[in-house]
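Undergrad: this is a predicted model, with the sequence first.
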Amino acid sequence: MRWLIVGAVVCFSVTIAFTQTARWSKIHEYKAKSIHAWDVDPMGKVVISQGDILTKLDTSFAELFSQSTKRLGDIAVLDARHSLKTLVFSEDQQVITFVDNTLTFQDRTNDLADFSVAYATNVCYSNQTNRFWIYDGDNARLLLIDDRGRQNSTINNLTAITRESEPALLFEQGNELMLFYPSKGIYLFDYYGSLMRFYPMTGAQTVYFDRNYFYFIKGSEIVRIDRKTDEKLKVALPVSDVNALRVSGSFIFLEVPHAIQKYSLRWE
């Protein structure tokens, strides 16, 4: 089912920016030779793809389960927001599959060619466990598809909206879909494909968002933007070369070269 994209781009500007004195406390670190993809589930457990092995860590970063992913090739995306069913995307094989909370593969593997996807470069879970978004790079469109292959929504001609080739990150939270372009910022769509707002974040390396805040890494700082007031807080990072971040409750997870680190941070 196709939905028309409506609504104008709404930009925002932050007039108040506070630089805080950070109180970082490093709690755990997990070393990995090569990190292809990772995510944090709602219970604070980490799922990480390294080489051809999928590993699940408990909240203390002890290894709980592992699973071979050789048949899938390199894993491009892990989405663990639904704790009982983690989405696994292989760009090499152009398939989406799922593992349960013990990393056991589910019977169904979704070949994206069956969904009329020319070539997918990014995917993410929908707010509902049986639906997921696919970015079809060859056709510059987003498809919302359920696990039976039915299209529930389509956002066409994204290039005309964003003036960019393809998003670096997709992420849905609370029926809001975020598309992140490092050279511009965040485009936020609603569940039906209507553009709600544009947040300029030129120079941000990576972002994350939840119901209350946007978080992004820029240079040597992490920036938090209140989604209601647009108030911006900035703190210095405890490490350099941060590739990605996740926020779970009062904890911040950072991907650095060859490791995932878990911190607590007092913003105020």
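TA: Ah, there it is. Residues are numbered from 1 along each chain as shown.

Undergrad: wait, Arg131 sits on Gly149?
TA: No. The pair Arg131 / Gly149 is not scored as a contact, 11.2 Å apart, by CB atoms under 8 Å. (Each C-beta comes from the backbone N, C-alpha and C, glycine too.)

Undergrad: more neighbours: which of these two?
TA: Shown here are Arg131 and Gly149; by other CB atoms under 10 Å, Arg131 has more neighbours (17 against 12).

Undergrad: what about the strands in the stretch 51-200 of the chain?
TA: All strands of the stretch 51-200 of the chain, identified by DSSP state E, counting those that start in this stretch, fall at 53-57, 63-68, 77-79, 86-90, 95-99, 110-111, 120-125, 131-136, 141-146, 151-155, 169-173, 176-181, 185-190, 195-200.

Undergrad: weakest of those by average pLDDT?
TA: Note on the strands of the stretch 51-200 of the chain: lowest mean pLDDT is at strand 151-155, with a mean of 81.

Undergrad: output the contacting helices and strands for that strand.
TA: Where contact means 3 or more CB pairs under 8 Å, 6 or more residues apart in numbering; DSSP states H and E, strand 151-155 is packed against strand 141-146.

Undergrad: tabulate the strands of the stretch 51-200 of the chain in JSON lines, adding columns for distance to Arg227.
TA: JSON lines is the format used below for the strands of the stretch 51-200 of the chain (distance: least, CB to CB, whole Å):
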{"stretch": "strand 53-57", "distance to Arg227": "29"}
{"stretch": "strand 63-68", "distance to Arg227": "33"}
{"stretch": "strand 77-79", "distance to Arg227": "21"}
{"stretch": "strand 86-90", "distance to Arg227": "25"}
{"stretch": "strand 95-99", "distance to Arg227": "29"}
{"stretch": "strand 110-111", "distance to Arg227": "32"}
{"stretch": "strand 120-125", "distance to Arg227": "19"}
{"stretch": "strand 131-136", "distance to Arg227": "21"}
{"stretch": "strand 141-146", "distance to Arg227": "22"}
{"stretch": "strand 151-155", "distance to Arg227": "22"}
{"stretch": "strand 169-173", "distance to Arg227": "11"}
{"stretch": "strand 176-181", "distance to Arg227": "10"}
{"stretch": "strand 185-190", "distance to Arg227": "10"}
{"stretch": "strand 195-200", "distance to Arg227": "9"}
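
Undergrad: out of these, flag the one nearest Ile260.
TA: Closest of the strands of the stretch 51-200 of the chain to Ile260 is strand 53-57, at 8.0 Å (criterion: CB to CB).

Undergrad: CA atoms only: put the closest one into PDB for me.
TA: What follows is strand 53-57, C-alpha atoms only, in PDB (Å, rounded to 0.1, in the frame of the first residue of the first chain):
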ATOM      1  CA  ILE A  53      30.300 -15.100  14.700                       C
ATOM      2  CA  LEU A  54      27.200 -13.600  16.400                       C
ATOM      3  CA  THR A  55      27.600 -13.100  20.100                       C
ATOM      4  CA  LYS A  56      25.300 -12.100  22.900                       C
ATOM      5  CA  LEU A  57      26.500 -10.400  26.100                       C
END
